[in-house]
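Peer 1: Here is my input; please provide its structure:
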Amino acid sequence: MIADLLKNLNAIGRENSVSRKTLTGLTGLSDRRLRETIESERRAGELICSHMDPGGGYYLPETSLELRAYVNEQRSRIQSQILALAPLERALNGGM
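Peer 2: Residues are numbered from 1 along each chain as shown. The predicted model follows:
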């Protein structure tokens, strides 16, 4: 659904990304439901990328380099979250 919409909007390549606000307006989905739908489509194999820079939004990768950059950004975010959780897990294991 969202991947098809991005194709129809020619949101191919980071520079052609479509904002979440635009997508919610076009689909009638709430912001939360849109994010859940995108996550579901990604898990099903759709290559939906996003960025949070000014003018950010969702897009389909135009090249393998663009896809690699998105994957690297996501891995970095995951690693940052793991590091932020470490002290909390230590507190739990230490028996608060």
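
Peer 1: what distance separates stretch 56-73 from the middle of the whole chain?
Peer 2: The chain centre lies 10 Å from the centre of stretch 56-73; the measure is Cα atoms, centre = their mean, to the nearest Å.

Peer 1: what about it, start to end distance?
Peer 2: 14 Å (Cα to Cα, to the nearest Å).

Peer 1: all strands for this structure, in order.
Peer 2: With DSSP state E as the criterion, the chain has strands at 49-51, 57-59.

Peer 1: Tell me which of the ones you listed approaches Ile2 most closely.
Peer 2: Ile2 sits nearest to strand 57-59 of all the strands of the chain, at 7.2 Å, using Cβ to Cβ. From N, CA and C alone the C-beta is placed, and that goes for glycine too.

Peer 1: picking that back up, now, of the strands of the chain, which is deepest in the fold?
Peer 2: Mean neighbour count (mean count of other Cβ atoms under 10 Å) peaks for strand 57-59 among the strands of the chain, with a mean of 22.

Peer 1: So which elements touch it?
Peer 2: Packing contacts for strand 57-59, counted by 3 or more Cβ pairs under 8 Å, 6 or more residues apart in numbering; DSSP states H and E, involve helix 2-8, helix 20-27, strand 49-51.

Peer 1: how about 10 Å then?
Peer 2: Where contact means 3 or more Cβ pairs under 10 Å, 6 or more residues apart in numbering; DSSP states H and E, strand 57-59 is packed against helix 2-8, helix 20-27, helix 31-43, strand 49-51.

Peer 1: so which of those gets nearest Gly94?
Peer 2: helix 31-43 (33.5 Å).

Peer 1: tell me how far that closest one is from the chain's mean position?
Peer 2: Taking mean C-alpha positions (Cα atoms, centre = their mean), helix 31-43 and its chain are 9 Å apart.

Peer 1: What does the pLDDT read for Tyr59?
Peer 2: Per-residue pLDDT puts Tyr59 at 98.

Peer 1: which residues does it bridge with?
Peer 2: Per DSSP bridges, the residues bridged to Tyr59 are Cys49.

Peer 1: how about TSV for the helices and strands packed on strand 57-59, with distance to Arg90 added?
Peer 2: Shown next, in TSV, are the helices and strands packed on strand 57-59 (distance: least, Cβ to Cβ, whole Å):
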stretch	distance to Arg90
helix 2-8	39
helix 20-27	35
helix 31-43	29
strand 49-51	32
